[in-house]
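>>> Sequence and predicted model, in that order:
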Amino acid sequence: MGEFNTSLKGYLLLDGGKLNGSLFQRSVVLICEHNAEGAFGLILNKTSENKVGEALVADLPDVLKKQNLFLGGPVQPAALSFLHSDTFVPHANVMTGLNLGHSVDMLQEIGESYSTTQQVKIFAGYSGWSPGQLEDEMKRGSWLTHPASLDLVFSNPKNIWKKILGEKGPLFRLLADAPEDLSWN
């Protein structure tokens, strides 16, 4: 078992070019929990082909039913998770202003609120690491880290990986601009 030193909770993990052929290729994962027992995260930039209302049998408001359903990761693909932000989130549990939830009842309440400033992103499945696993992947250089922000969490999922890498400097811009399949080069 790896030794636990520093929590990556509230950080983004980005494929550093070593995850080709996996679900995590070119992914951006928000780490929602990270402690000695392991880590839990959600892929922010992989959408399913379904809308939330097509995949979730629940009496949700249309505003939520029409949203794209995101693939949070390969673990328990039927598990529901969502990220919620608003101008005031009293029980934010991921980072300031951002709450992670799993309850359909809570999701219904959020959808029925009249807040014009809230943001919600809904996921099927999640990304999980056993104790020491994420630390080992970090030592192997599988992931790059970047501080999360609400703007990044709720940004356009198609551009987020490339956008963040582009901000990290010229070497990373080369990676961001490389074709997904290097044989296309």
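Nice, I can see it. Numbering: from 1, shown residues only.

>>> The protein: helices as residue ranges?
Per DSSP state H, the chain carries helices over the ranges 52-55, 62-65, 104-112, 133-139, 150-153, 160-167, 170-177.

>>> May I see these organised as JSON lines, with mean neighbour count and mean pLDDT added?
In this view, the C-beta of every residue, glycine as well, is placed from N, C-alpha and C. Listed next are these as JSON lines, based on neighbours: other C-beta atoms under 10 Å; pLDDT from 0 to 100:
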{"stretch": "helix 52-55", "mean neighbour count": "17", "mean pLDDT": "92"}
{"stretch": "helix 62-65", "mean neighbour count": "15", "mean pLDDT": "91"}
{"stretch": "helix 104-112", "mean neighbour count": "16", "mean pLDDT": "90"}
{"stretch": "helix 133-139", "mean neighbour count": "16", "mean pLDDT": "94"}
{"stretch": "helix 150-153", "mean neighbour count": "14", "mean pLDDT": "96"}
{"stretch": "helix 160-167", "mean neighbour count": "18", "mean pLDDT": "93"}
{"stretch": "helix 170-177", "mean neighbour count": "13", "mean pLDDT": "84"}
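
>>> Out of the ones you listed, the one nearest Cys32 is which?
With C-beta to C-beta as the measure, helix 150-153 is the member of those nearest Cys32 (10.4 Å).

>>> what residues does the closest one touch?
Residues outside helix 150-153 that contact it (C-beta atoms under 8 Å, 6 or more residues apart in numbering): 12, 28, 30, 44, 83, 85, 97-98, 119, 121, 146, 160, 164.

>>> Go again with 7 Å.
The contact list for helix 150-153 (C-beta atoms under 7 Å, 6 or more residues apart in numbering) reads Leu12, Leu30, Leu44, Leu83, Ser85, Gly97, Leu98, Ile160.

>>> Just the C-alpha atoms of the lowest-mean-pLDDT helix or strand in the chain, please, in CSV.
Sorting the helices and strands of the chain by mean pLDDT, DSSP states H and E puts helix 170-177 at the bottom, at a mean of 84. Below are the C-alpha coordinates for helix 170-177, written out as CSV (Å, rounded to 0.1, in the frame of the first residue of the first chain):
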residue,chain,number,x,y,z
PRO,A,170,5.0,25.3,-25.3
LEU,A,171,5.8,21.6,-24.6
PHE,A,172,2.3,21.0,-23.5
ARG,A,173,0.9,23.0,-26.5
LEU,A,174,2.6,20.4,-28.8
LEU,A,175,0.8,17.6,-27.0
ALA,A,176,-2.5,19.4,-27.2
ASP,A,177,-2.1,20.0,-30.9
